[in-house]
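A.B. asks: build me a model from this:
(2 chains)
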2 protein chains.
Amino acid sequence: MANREYTVAVVGATGAVGQQMLKYLDERNFPVKELRPLASKRSAGQTITFRGEEVVVEEATPESFAGVDFALFSAGGGVSKVLAPEAAKRGAVVIDNSNAFRMDPEVPLVVPEVNPEAAKNHKGIIANPNCSTIQMVVALKPLYDRYGIERVIVSTYQAVSGAGWQAIHELEQQTKASLNGDEVTASVLPVGKLDRHYQMAFNVIPQVDVAEENGFTLEEMKMVRETKKIFADDSIGVTATCVRVPVFRGHSESVYVELKSDFELDEVRALLSEMPGIVVQDDIAGQIYPMPLHSADRTEVFVGRLRRDLNHPRGLNLWVVSDNLLKGAATNAIQIAEVLIENER
Amino acid sequence: MANREYTVAVVGATGAVGQQMLKYLDERNFPVKELRPLASKRSAGQTITFRGEEVVVEEATPESFAGVDFALFSAGGGVSKVLAPEAAKRGAVVIDNSNAFRMDPEVPLVVPEVNPEAAKNHKGIIANPNCSTIQMVVALKPLYDRYGIERVIVSTYQAVSGAGWQAIHELEQQTKASLNGDEVTASVLPVGKLDRHYQMAFNVIPQVDVAEENGFTLEEMKMVRETKKIFADDSIGVTATCVRVPVFRGHSESVYVELKSDFELDEVRALLSEMPGIVVQDDIAGQIYPMPLHSADRTEVFVGRLRRDLNHPRGLNLWVVSDNLLKGAATNAIQIAEVLIENER
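C.D. replies: Next comes the predicted model:
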């Protein structure tokens, strides 16, 4: 079985995350027998390069998934809702990067460093969590195992690439216009489909995704709900404030954790350092800490600014940074596929 | 007394905050009899325009303060330490925007909306709090009075202008270079006098000011210590994570407050709305919330994203934005002078 190779479909292959999936499948030496880059009708006909060969992007239809082993979806919730069940029906295992199935009790929500065992119980679809959730739960995992987690208070500093190419392009255009003293226009952020759009260049926007009834945004509630589901523990309290900043790539998070038992900071640092997928950069005196610019194009989760709360004996502050397109999306999705391959053996 | 006019010295008149002091003295119709713009030897000889007249900037020396009523200092802690006592000795009331005297038990630390009575007990020097503290305590004041505050967990999104003209210029240059694909150099942020400098353009830097022994930065500890001093209440717990973002003007803060008694969100909104100096912008469904771009050149503190913590019954999330050069510095300093004038009457 070790030499088995797989037919892999990437849905949304021309998108910001899809492009990283192709790059990462290559770099990771994922055992690809055949690659099927799929996209909307509009993007079909474009070519992408994979392992030195040009491959034509085809329109994603139910028939596209015949003979596919892994179907990596990153083309938005609407596409996933329609096509993921079609892919699963044809025998593919879908790994879906959209929000469509994450809270479906039938669908595992998997971060390989945290709950790889959940992947076993899939019924054809596995959900990839939200980018801001993934990096946080990786950082929380060793703390959860050792001390237990009472609650988390998190504020995010999210890059625009989470909103796709259009948002990346918009930040670039707005920044140029602003520096030139030209009129700045906005049509993508904070949420493309909503009425109001605000300048992102040299600004901070405290809205990522649509509002929910309770005054939180969907992005904030994703962090609340997905954290509970990934740890399979509804007792973890999460309150989140999700904010977009003028950064192209790399989400940062100021995470405050209240642990269930006492801790020593040195032990926390050691636990994080030993955790696969985490790089500790924690030396404020030496000016060493994670930053999005340095985490771009890296697959790990970077953790630093470890500080004991001055008031609460079990309170701990962390600063967590990761590339939202990689560990926050493409890398995690492909790692899930690797877990499934490993399980086959 | 109502028609009395004052001789006002502005120390650091050519700096980012000093310029706003001059602008605000003018706009606010502050009763200026004579303006003395002062600066370092290097900047002396430049002219500034005040109320339509050109005034030559002079070098700040002890003798500059003879006959001065109010001396507004914003030229760094070193200058304040040397010259503020000299100004006070000559009968001026110093309002100092540096960190030099803030924690001095002999020096009141004043935010006029919060503790105006503290200004009465000065001995010639009054300290203006740190920018990130000012906007937070204004937002907390009505909550403190009504419910009491157990503790605060705050993460900041701070503009570069807090680090002066050089930092403003650096962000601009770096952004241009980055967009042009040119080499990006850094020599100012996060802290000019430290060894390492990092790119601010399209990045997030989790360090504002130097490190302290306990792993927090000085900026973070300013928020802790100054909040307790302004409320004259050592029982308020504050834990802070202070972060610089690529924004020219306007600090944003994600503030989590644990109140001492139960609250209703509507009452919180009403209390904040009634507070002088606060503008509530709180309608996530309508995409209304504070943003630094819209708060620049405004003197108020903007508050929104009011949300009850989903786990803690007395937990409340706020999003607080204000112009760090105005309410965070120049405006607050001049409002302190106005409190003193009012007290004279």
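
A.B. asks: from residue A:97, how far off is residue A:63?
C.D. replies: Distance, residue A:63 to residue A:97, by C-beta to C-beta, to the nearest Å: 22 Å. Backbone N, C-alpha and C define where each C-beta goes, glycine included.

A.B. asks: kindly apply the preceding question to residue A:296 instead.
C.D. replies: For residue A:296, the distance to residue A:97 - C-beta to C-beta - is 19 Å.

A.B. asks: same thing with residue A:18?
C.D. replies: Residue A:18 sits 9 Å away from residue A:97, going by C-beta to C-beta.

A.B. asks: which residues are common contacts for the two?
C.D. replies: Counting by C-beta atoms under 8 Å, 6 or more residues apart in numbering or on different chains, the common neighbours of residue A:18 and residue A:97 are A:12, A:74, A:330.

A.B. asks: for the last one, what are its contacts?
C.D. replies: Just to be clear, that refers to residue A:330. Applying C-beta under 8 Å, 6+ apart, we find residue A:330 in contact with A:17, A:18, A:20, A:21, A:23, A:24, A:74, A:97.

A.B. asks: the closest residue to chain B within the stretch 51-200 of chain A pairs with what?
C.D. replies: With C-beta to the nearest C-beta as the measure, residue A:155 is the residue of the stretch 51-200 of chain A nearest to chain B, at 3.8 Å. Beta-bridge partners of residue A:155, counted by DSSP bridges, are residue A:241, residue A:254.

A.B. asks: that one against residue B:245, yeah?
C.D. replies: No: using C-beta atoms under 8 Å, residue A:155 is not in contact with residue B:245; the gap is 11.9 Å.

A.B. asks: what residue ranges in the stretch 201-345 of chain A score low on pLDDT?
C.D. replies: For the stretch 201-345 of chain A, no stretch is flagged by pLDDT under 70.

A.B. asks: residue farthest from the centroid of chain A?
C.D. replies: residue A:181 (35.0 Å; C-alpha atoms, centre = their mean).

A.B. asks: for that residue, phi and psi?
C.D. replies: The phi and psi values for residue A:181, taken as degrees, to the nearest 10, are phi 70, psi 20.

A.B. asks: okay, it: pLDDT?
C.D. replies: For residue A:181, the pLDDT comes out at 96.

A.B. asks: what about it, distance to residue B:172?
C.D. replies: Where residue B:172 is concerned, residue A:181 sits at a distance of 12 Å (C-beta to C-beta).

A.B. asks: secondary structure class for residue A:178?
C.D. replies: helix (DSSP: H, G, I helix; E, B strand; the rest coil).

A.B. asks: make sure it is actually in contact with residue A:201.
C.D. replies: Yes: with contact defined as C-beta under 8 Å, residue A:178 reaches residue A:201; the gap is 4.8 Å.

A.B. asks: and the two? Which one has more around it.
C.D. replies: The neighbour comparison of residue A:178 against residue A:201 (other C-beta atoms under 10 Å in any protein chain shown) goes to residue A:201, with 22 against 19.

A.B. asks: quick check: closest non-adjacent residue to the more buried one.
C.D. replies: Using C-beta to C-beta, 6 or more residues apart in numbering or on different chains and skipping residues adjacent in sequence, the residue nearest residue A:201 is residue A:174, 3.7 Å away.
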